[in-house]
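Enquirer: show me the folded form of this:
(one chain, ligands or ions: 2)
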Amino acid sequence: MHVSLNEYLRCNNVENELRHLIMAIANGAKYVHHAMQTGDLGLAGTSNMYGENQLTLDILSNDIFVKELQESCQTSVLASEELDDVIKTPEGKQGRFAVAFDPLDGSSLVNANFAIGSIFGIYEGDTFIGRRGEEQLAAVVVVYGPRVTLLYTTRDGVHEFILNAVSEFILSQEDIKVDPDTNIFSPGNMRAVASDEKYLHVMEDWMKKGYKLRYSGGMVPDINHIFMKGQGIFTYPGYQDAPNGKLRLLYECAPFALLMEEAGGRASDGQIRI
Ligand code: AHM
Ligand code: MG
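Expert: Ligands and ions are numbered 1, 2, ... in the order given. The predicted model follows:
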């Protein structure tokens, strides 16, 4: 039986405004996927506020999602990893939701033909200041791999959809769960072991226990692997050059934390719940 994303959202009583917003993200993802298959993979010659070189594709993906989100008429304000400041939705197109997103996470892997993704955290209201991850109403992640898949939660479980041959997202798994017991690890920022003895000891411990390594260098496919296999642990600690690590709370960690908790897993910054 084919159940489309739109139908699934409607049948599961996701309110219309949130449904329109999630459908706008799904639509944008199709354009982004097309752009990465056919477009320019080179550097744009600009950098984002974190000092990272931007690809033409980073900027294009950002522009695609900004346009799709604004045209959905469901957003009040947008924050993107690729933009220096938030952007207010123009008069006449405004809606209820503040959306924070990383339009193309892991884009440096695209020329190696590795999987990459897009990440969205959705809040009620018109500001991100002082907000907590647990206030998110919903989170959406798109994975561009051999297949294009979309994971979402509206705080009612985690569900996966696959883009089919006629460009529809079709339900593939509902109510995905992860088991806290795992023997798979995905160790980000391994270079931290040089200055962080605790990380070194954790890595040694998992290797000695015979844990299986699954690491691609893209947070989206690496964490998606945990949802698909029903187990796993992804880590990305800070180190000397970047004491707070690299992954951003608003654009990357908070949306994944909501999805992970909804699947029965945990997300921690090492001290507290993300
Ligand atoms: P990006 O948002 O600039 O793409 O950076 C985030 C990505 C994550 O997907 C991944 O976990 C991490 O960067 C890997 O970084 P590094 O290769 O520097 O360890
Ligand atoms: Mg990112």
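Enquirer: spell out which residues of the protein are next to ligand 1.
Expert: Residues of the chain lying close to ligand 1 (Cβ under 6 Å from any ligand atom) are 52, 81, 102, 105-107, 188-189, 217-219, 236, 246. In this view, the C-beta of every residue, glycine as well, is placed from N, C-alpha and C.
Enquirer: list the contacts of the residue of the chain found nearest ligand 2.
Expert: Closest to ligand 2 within the chain is residue 105: 3.6 Å, counting by Cβ to the ion. Contact analysis of residue 105 by Cβ atoms under 8 Å, 6 or more residues apart in numbering lists 81, 116-119, 218-220, 251-252.
Enquirer: export the residues of the chain next to ligand 1 to CSV and append columns for secondary structure and pLDDT.
Expert: Listed next are the residues of the chain next to ligand 1 as CSV, based on DSSP: H, G, I helix; E, B strand; the rest coil; pLDDT from 0 to 100:
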residue, secondary structure, pLDDT
52, coil, 86
81, coil, 96
102, strand, 98
105, strand, 97
106, coil, 96
107, helix, 92
188, coil, 96
189, coil, 96
217, coil, 97
218, coil, 98
219, helix, 98
236, coil, 97
246, coil, 92
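Enquirer: which residues of the stretch 101-250 of the chain fall in helices?
Expert: For the stretch 101-250 of the chain, applying DSSP state H, counting those that start in this stretch gives helices covering 197-208, 219-229.
Enquirer: pretty sure residue 135 sits against residue 122.
Expert: No: counting by Cβ atoms under 8 Å, residue 135 stays clear of residue 122, with 10.0 Å between them.
Enquirer: neighbour-wise, which one of the residues of the chain next to ligand 1 leads?
Expert: When neighbours are counted by other Cβ atoms under 10 Å, residue 102 leads the residues of the chain next to ligand 1 with 28 neighbours.
Enquirer: hey, which of the helices of the stretch 101-250 of the chain is tucked in deepest?
Expert: Comparing the helices of the stretch 101-250 of the chain by mean neighbour count (mean count of other Cβ atoms under 10 Å), helix 219-229 comes out on top with a mean of 22.
Enquirer: nearest to ligand 1: which residue in this protein?
Expert: Residue nearest to ligand 1 within the chain: residue 219 (3.3 Å; Cβ to the nearest ligand atom).
Enquirer: contact partners for the nearest residue to residue 145 once chain neighbours are set aside?
Expert: Leaving aside its sequence neighbours, residue 145 sits nearest to residue 115 (Cβ to Cβ, 6 or more residues apart in numbering; 3.6 Å). For residue 115, the contacting residues are 106, 109, 143-146, 216, 218, 220-221, by Cβ under 8 Å, 6+ apart.
Enquirer: next: residue 218.
Expert: By Cβ under 8 Å, 6+ apart, residue 218 lies in contact with 105-106, 109, 114-117.
Enquirer: same thing with residue 125?
Expert: 76, 96-98, 131.
Enquirer: likewise for residue 232?
Expert: Residues near residue 232 by Cβ under 8 Å, 6+ apart: 178, 182, 184-186, 214, 225-226.
Enquirer: tell me which helix or strand comes right after the biggest helix by length in the chain.
Expert: Scanning the chain for the longest helix, with DSSP state H as the assignment, gives helix 16-38. Downstream of helix 16-38, the next assigned helix or strand under DSSP states H and E is strand 43-47.
Enquirer: got a list of contacts for that next one?
Expert: Residues contacting strand 43-47 (Cβ under 8 Å, 6+ apart): 53-56, 58-59.
Enquirer: in its sheet, what does that strand sit against?
Expert: In the sheet, strand 43-47 lines up against strand 53-55 (antiparallel) (DSSP bridges).
Enquirer: buried stuff in stretch 79-92?
Expert: Within stretch 79-92, the residues scored as buried using 16 or more other Cβ atoms under 10 Å are 79-83, 86, 89.
Enquirer: doesn't residue 98 fall inside a helix?
Expert: No: membership of residue 98 in a helix is not supported by DSSP: H, G, I helix; E, B strand; the rest coil, which gives strand.
Enquirer: ok, and the closest non-adjacent residue to it?
Expert: Spatially, and ignoring its direct neighbours in sequence, residue 98 is nearest to residue 123 (4.4 Å; Cβ to Cβ, 6+ apart).
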